[in-house]
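Q: sequence below, structure please.
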Amino acid sequence: MGMREGGRVGIREVAKKAGVAISSVSRVLSDHPDVSPKMRERVYAAVKALDYEPDVLAQSMRLGKTRIVGFLIGDISNPLFSEIALGAEMALHQDRYAMLIVNSHGRFADDATQLRLLRKRRVDGFIVSLTDENQRDTIAELQGLDCPVVLLDREVPDWRCASVVSDHASGTRAAALHLIELGHTSIGLVAGSENVLPTRARAEALLAECSAHAGVEAHVAYGSYSEAHGEAATEALLAQSKPPTAIIAGSNQILVGVLRAIRRRHLRIPADLSVVTYDRSPLAQFLEPALGTIERDTRQIGHTAGELLVESLRDEKLPPRRIVLPVRFEPAESCGPKPTTSGN
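A: Numbering: from 1, shown residues only. Next up, the predicted model:
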C-alpha cells in the first residue's frame, strides 16, 4: 500500500517499515506501558525514517486523550510566569504533550472560569497557579476535576494533589539575617496577598527571624502583586514615625512601585535605605546599585511541575507528591549598614 491521499505517510507504512503489526505501532505511539524497549526503538526509527506525523485528532478520539495540558497562571506577561511556563513546556514536550495557557489576570474570580474553560477543552491534566487559594468556587472546580493536577506554589485547604513549592522561608530568613547583621532593627516587607502560600511563608519567616533578635522589628504590608501596591505600601512604611531602614519587595511588579516611591523621596540606596527583592528581573543587571535578591530557578520550577504532571498522567493511581525546591539569597550593593541618621 502506498502513501495516504495527499502524500502523507500512514500508520500502515510505519508498521511495514518497522516489521511489526499495526497494533504494535499504535501501542508505542500511545505510550502503552506493555511495550518492550526494542519494539519502541524499531517503531520510532521507522517514524523518523518516514517522517510520519500521527493524526492527533484521530488518536484523541480513539484513546480519549488530547495530549494537551492546561496551564492556569496569573499573567503570562510577567517574566516570572513566562520562565515557569517555558520550563513546563520543555518538560511536557519531551513526552509529546502540548500546553494550553490561560490567564486569570490576577483576578480570583477568573480562576474558576478558566479552569472550567480548560475542562471543556478536555485537557488531560492541569498545572495551576491560583490567584487565591480560599475561593469556594475555585476549590469546587478543582475538586470536580477527574484528571491529574499539579499546583504551583499553592496549598488548597482540605484538598490534596501534587504540588511544586519553593522554600520561601529559607530565602527570607537568610535575607533578614543579613540585614540584621548589618545593624538594621526595622525591616519592612511589601508583600502580596495573604491568600497565597508564598506571601504567608515569607511573612512568617521574616517575623520569626526578627523576633529571634532582641530589638528588631518587622513590618509587613499585605496587598496585591502590583506596582500600585508596591508604591502605596512603601510610602506608608516610610511615613511612619520610625520607618524601616530596609525594605524587601515581594515581587518584580511590587519592586517597581517600591523604587518609584524611593525615588520620589530622593532616598539613596543603600545610604538611606537598603533594598532586597524577590526573583531576579531580566533588567536587574542594569540597576545600580545591584539589588540583593531572594531568588529561585524559575525555569526549574516549571520543568519540575511538568515532569510531576507527566508522572501522574502515566499512572493516575500514584499518591500525590509535594516537591520543595530551594530558594537562596544573593546579597549585593543595595544592602548596606543601617544609616546612622535617617533621611526618611
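
Q: quick one, what contacts residue 231?
A: Each residue near residue 231 by Cβ atoms under 8 Å, 6 or more residues apart in numbering is listed here: 257-258, 260-261. Yep, even glycine has a C-beta here, placed from its N, CA and C like the rest.

Q: who wins on neighbours among the residues you listed?
A: Using other Cβ atoms under 10 Å as the neighbour criterion, residue 258 leads these with 28 neighbours.

Q: looking at it, it is touching residue 234, isn't it?
A: Yes - with contact defined as Cβ atoms under 8 Å, residue 258 reaches residue 234; the gap is 4.7 Å.

Q: find residues that contact each of the two.
A: Counting by Cβ under 8 Å, 6+ apart, the contacts common to residue 258 and residue 234 are 190, 247.

Q: low-confidence bits of this protein, can you list those?
A: 1-7, 54-64, 341-344 (pLDDT under 70).

Q: quickly list the domain ranges of it.
A: 11-63, 68-166+298-327, 168-295 (automatic domain parsing).

Q: compare the ones you listed and give me the one nearest residue 340.
A: domain 168-295 (9.4 Å; Cβ to Cβ).

Q: so how far is that closest one from its chain's centroid?
A: 21 Å (Cα atoms, centre = their mean, to the nearest Å).

Q: so how many other residues sit close to residue 164?
A: The burial count for residue 164: 27, using other Cβ under 10 Å.

Q: I meant residue 281, not that one.
A: 18.

Q: quick one, what contacts it?
A: Contacts of residue 281 (Cβ under 8 Å, 6+ apart): 79, 252, 255.

Q: from residue 250, how far off is it?
A: 13 Å (Cβ to Cβ, to the nearest Å).

Q: thinking again about what came up before, could I get the domains of the chain as a markdown table with distance to residue 333?
A: Shown next, in a markdown table, are the domains of the chain (distance: least, Cβ to Cβ, whole Å):
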| stretch | distance to residue 333 |
| --- | --- |
| domain 11-63 | 51 |
| domain 68-166+298-327 | 21 |
| domain 168-295 | 4 |
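
Q: now the helices for this protein?
A: 11-18, 22-29, 37-50, 56-63, 79-94, 108-120, 136-143, 168-181, 197-211, 227-238, 252-264, 298-314 (DSSP state H).

Q: can you report how many residues neighbour residue 21?
A: Residue 21 - counted by other Cβ under 10 Å - has 10 other residues nearby.

Q: correction: the previous question concerned residue 35.
A: 15.

Q: oh, and call the first residue 214 from now on, that's how I've got it
A: Sure, I'll start counting at 214 from here, so that last one is residue 248.
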